[in-house]
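S.K.: mind folding the following:
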Amino acid sequence: MLFNSWEFICGFLPVTLAGYYCSAKRSPGIAEAWLVLCSLVFYGWWNAYFVILLAGSVAFNYCVGELVVRSAEGSTEQSLILTGGIAGNLLLLFYYKYCGPVVGFLHAHGLAAATGGGIILPLGISFFTFTQIGYLVDSAEGAAKDRGPLEYALFVTFFPHLIAGPIVHHKEMMPQFADARTYRFDASNLTVGVTIFVIGLAKKVLLADSVAYWADAVFAKPMHLTVISAWGGAISYSMQLYFDFSGYSDMAIGLARMFGIILPLNFNSPYKSCSIIDFWSRWHMTLSRYLGLYLYDPIALWITRRRVAAGKGASRKAMASLGGFAGMVVMPLFVTMSLAGVWHGAGLQFLCFGLLHACYLSANHGWRVFGRHHSAVERLRDSRVLTAAGVTGGVILTYVAVVVSLVFFRAGSVPAAVAVVKTMASLARPLFHPVGLTANALLASKAASAAPPVSAMAGATLRKIGEIGFPALLVWTMPNTQQIMAAFSPALDMTGVETERMIRWSPNLTWSVAIGALLFVCLGLMDNSKFIYFQF
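M.R.: Numbers count the residues shown, from 1 in each chain. As a prediction, the model looks like this:
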């Protein structure tokens, strides 16, 4: 079931809310059971078979978590149980997400009889698998408490975050469900939640879906592009992904708030970042946090211990050497970002996406360690003459680097992505061409059975650029949802989010009419298009 569908907004959501608060009057346990049941219905709406898979995964991890907690902390027994639990989760993820593509690759090269095409990817398997692996690790460290089977099932299946995050920790969400105040109907929670949900719905329906056509046309025929069409398609996709994922994150946070639950922040204007390090602290924030806690930090710690055991330094001074920087920064980054890329998909293009960002991050960290201490750089920074220009340049450079990486994220293969990037970088290719790619031009050429004039193509392309320019203007000039709603604590861990003074939401008639009108428009334009992150 999609958040942007009539059956969800007009059917599932009001029934679930009403049942939750009515049952909570009798018992919090009944309310929790109701939420688990509704979440399973929500998940099974697409394919009821996968409810069995989800339930089995929940039962398996709950039992493993109990064994982990009951074994002695730090013992060999606990380590073996934890390792087995993590391995079980990863094997399940590998089968459904990677087995098909791997078998298909082997079949294409004559190494396997099967094609691997019969395996269907369950919705949200990456997210609920990562959530439960994090729970097992937290259980071993004593950070996950209140472990009743019903509470654990609710932690994993709570529908606002089940399909595409945010990736939550047990200690973030379950203490809220343990609080009796959560089960009392609060009109302010409902009002704030509905507002955030509608803003997210508008991002999806009015912005993300409206700019998708150019990206779809470009990546459908990546070998026959002009410079303008290639850049237009790449930028169009960057805007589509931005508003699609930002919209989903808002909707998830808003839905949880309607039930009195505050989820962690997952999206904080990443295209306003002035460095790639800053970008990853704003984009898919809970995934970045997860990878840092459970992958990057352990790898970096292991390397540091090995350096110390070998008699090498592990201080800041040691890190400032080429060997120390390569070992303590670059190596953990490449492992982490490679796996982050592959987590998004089984194709080699996703690995390239991760490796690109590993290169970006290594260069950014390298600049911080080696470059900015150069005397000329220090003098320029201290003069503050070009501070604004430097920030603007950083934002532009970061955005362009992200756009290039997103070509690999969107393309169907590495050759297709390389073809688009080569065209984007080519000054030898024409700006406009009779076989250029815009939706109107393609339809016109089919209708007339002839290529449209170059002047007509140029005009149509410029109009499309203008249409993409409006979402871009919103990205860089308007406050985000968290800034608008900051006075009402819309999400956990709002560090770095400033209260927006230009546009501040308040529960008054003007805002009620505006949000109501926005919802009405969105309901009229919804087409049940899937969120991009549902495929991961």
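S.K.: tell me if I'm right that residue 494 and residue 486 touch.
M.R.: Yes. The pair residue 494 and residue 486 passes the contact test of Cβ atoms under 8 Å, sitting 6.7 Å apart. Glycine gets a C-beta too; all of them are placed from N, C-alpha and C.
S.K.: quick check: closest non-adjacent residue to residue 426.
M.R.: Setting aside the residues directly before and after it, residue 426 is nearest to residue 227 in space (Cβ to Cβ, 6 or more residues apart in numbering), at 6.5 Å.
S.K.: where does residue 264 fall, phi/psi-wise?
M.R.: Per-residue torsions, residue 264: phi -70, psi 150 (degrees, to the nearest 10).
S.K.: okay, now the nearest residue in space to it that is not next to it in sequence: neighbour count?
M.R.: Spatial nearest neighbour of residue 264, excluding adjacent residues (Cβ to Cβ, 6+ apart): residue 492 at 4.4 Å. Residues lying near residue 492 (other Cβ atoms under 10 Å) number 19.
S.K.: ok, residue 492 - contacts?
M.R.: 172, 262-265 (Cβ atoms under 8 Å, 6 or more residues apart in numbering).
S.K.: measure residue 516 to residue 202 for me?
M.R.: From residue 516 across to residue 202, the span is 12 Å (Cβ to Cβ, to the nearest Å).
S.K.: what do you get for residue 66?
M.R.: In this view, residue 66 and residue 202 are 44 Å apart by Cβ to Cβ.
S.K.: and for residue 86?
M.R.: As for residue 86, its distance to residue 202 is 39 Å (criterion: Cβ to Cβ).
S.K.: ditto for residue 36
M.R.: Relative to residue 202, residue 36 is positioned 30 Å away (Cβ to Cβ).
S.K.: between residue 66 and residue 202, which one's more packed in?
M.R.: Taking neighbours as other Cβ under 10 Å, residue 66 and residue 202 compare with residue 202 leading, 20 against 15.
S.K.: helix or strand for the spatially closest residue to residue 406 that is not a sequence neighbour, which one?
M.R.: Spatial nearest neighbour of residue 406, excluding adjacent residues (Cβ to Cβ, 6+ apart): residue 238 at 5.4 Å. Element membership for residue 238, per DSSP states H and E: helix 227-258.
S.K.: next one: that helix to chain centre, how far?
M.R.: In terms of Cα atoms, centre = their mean, to the nearest Å, the centre of helix 227-258 is found 10 Å from the chain centre.
S.K.: identify the residues contacting the helix or strand following that helix?
M.R.: Downstream of helix 227-258, the next assigned helix or strand under DSSP H and E is helix 276-280. Contacts to helix 276-280, defined as Cβ under 8 Å, 6+ apart, come from residues 270, 273, 288, 357, 360-361, 363-365, 368, 398, 401-402.
S.K.: now do the contacts for residue 210.
M.R.: With contact set as Cβ under 8 Å, 6+ apart, residue 210 has these partners: 467, 471.
S.K.: ok, it to residue 164 distance?
M.R.: For residue 210, the distance to residue 164 (Cβ to Cβ) stands at 21 Å.
S.K.: also residue 33?
M.R.: 24 Å.
S.K.: equivalent analysis for residue 66, please.
M.R.: For residue 66, the distance to residue 164 (Cβ to Cβ) stands at 28 Å.
S.K.: any chance you could map the helices in the stretch 251-400 of the chain?
M.R.: Along the stretch 251-400 of the chain, counting by DSSP state H, counting those that start in this stretch, helices occupy 276-280, 285-291, 297-309, 316-319, 322-325, 331-344, 348-366, 375-383, 387-410.
S.K.: distance to residue 472 and mean neighbour count added to those, as CSV?
M.R.: Output for the helices of the stretch 251-400 of the chain, formatted as CSV (distance: least, Cβ to Cβ, whole Å; neighbours: other Cβ atoms under 10 Å):
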stretch, distance to residue 472, mean neighbour count
helix 276-280, 16, 20
helix 285-291, 22, 21
helix 297-309, 35, 14
helix 316-319, 38, 13
helix 322-325, 36, 15
helix 331-344, 24, 20
helix 348-366, 21, 20
helix 375-383, 29, 10
helix 387-410, 10, 17
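S.K.: which of these has the lowest average pLDDT?
M.R.: Here the lowest mean pLDDT among those goes to helix 375-383, at a mean of 51.
S.K.: for the closest residue in space to residue 410 that isn't next to it in sequence, give me its contacts.
M.R.: Residue nearest to residue 410 in three dimensions, not counting chain neighbours: residue 237, with 4.9 Å by Cβ to Cβ, 6+ apart. Contacts for residue 237 (Cβ under 8 Å, 6+ apart) come out as 212, 215, 218-219, 406-407, 410.
S.K.: okay, now the domains of the protein?
M.R.: Following the assignment in automatic domain parsing, the chain carries domains at 1-185, 272-431.
S.K.: weakest of the ones you listed by average pLDDT?
M.R.: Mean pLDDT is lowest for domain 272-431 among the domains of the chain, at a mean of 86.
S.K.: please say which of residue 33 and residue 164 ends up with more neighbours.
M.R.: Between residue 33 and residue 164, counted using other Cβ under 10 Å, the more crowded position is residue 164 (24 against 15).
S.K.: the more buried one touches residue 125, doesn't it?
M.R.: No. Contact between residue 164 and residue 125 fails when scored by Cβ under 8 Å: they sit 11.1 Å apart.
S.K.: ok, back up a step: specify the angle between the helix holding residue 238 and helix 387-410 in degrees.
M.R.: Interaxial angle, helix 227-258 versus helix 387-410 (axes from the mean of the first three to the mean of the last three Cα atoms, to 10 degrees): 90 degrees.
S.K.: state the mean pLDDT of helix 227-258.
M.R.: The average pLDDT within helix 227-258 is 94.
S.K.: any idea how far residue 210 is from residue 522?
M.R.: From residue 522 over to residue 210 the distance is 12 Å, taken as Cβ to Cβ.
S.K.: correction: the previous question concerned residue 526.
M.R.: Distance, residue 526 to residue 210, using Cβ to Cβ: 12 Å.
S.K.: now swap in residue 19 and tell me
M.R.: For residue 19, the distance to residue 210 - Cβ to Cβ - is 35 Å.
S.K.: for the chain, which segments count as strands?
M.R.: Under the criterion DSSP state E, the chain carries no strands.
S.K.: check contacts around the residue nearest the centre of it.
M.R.: Residue closest to the mean C-alpha point of the chain, counted by Cα atoms, centre = their mean, is residue 284 at 4.1 Å. For residue 284, the contacting residues are 165, 245, 266-267, by Cβ under 8 Å, 6+ apart.
S.K.: which one of those residues is nearest residue 154?
M.R.: Closest to residue 154 out of the contacts of residue 284 is residue 165 (16.5 Å), distances taken as Cβ to Cβ.
S.K.: my guess is that closest one contacts residue 286, does it?
M.R.: Yes. Residue 165 lies in contact with residue 286 (Cβ under 8 Å); the separation is 5.8 Å.
S.K.: okay, and the common contacts of these two?
M.R.: The contact sets of residue 165 and residue 286 overlap at residue 266 (Cβ under 8 Å, 6+ apart).
S.K.: okay, now residue 217: neighbour count?
M.R.: Neighbour count of residue 217, defined by other Cβ under 10 Å: 21.
S.K.: could I get the pLDDT score of it?
M.R.: pLDDT for residue 217: 87.
S.K.: distance of it from residue 402?
M.R.: 21 Å.
S.K.: same deal with residue 240?
M.R.: The gap separating residue 240 from residue 402 is 13 Å, by Cβ to Cβ.
S.K.: before we move on, what about residue 244?
M.R.: Distance, residue 244 to residue 402, by Cβ to Cβ: 15 Å.
S.K.: now residue 353
M.R.: For residue 353, the distance to residue 402 - Cβ to Cβ - is 10 Å.
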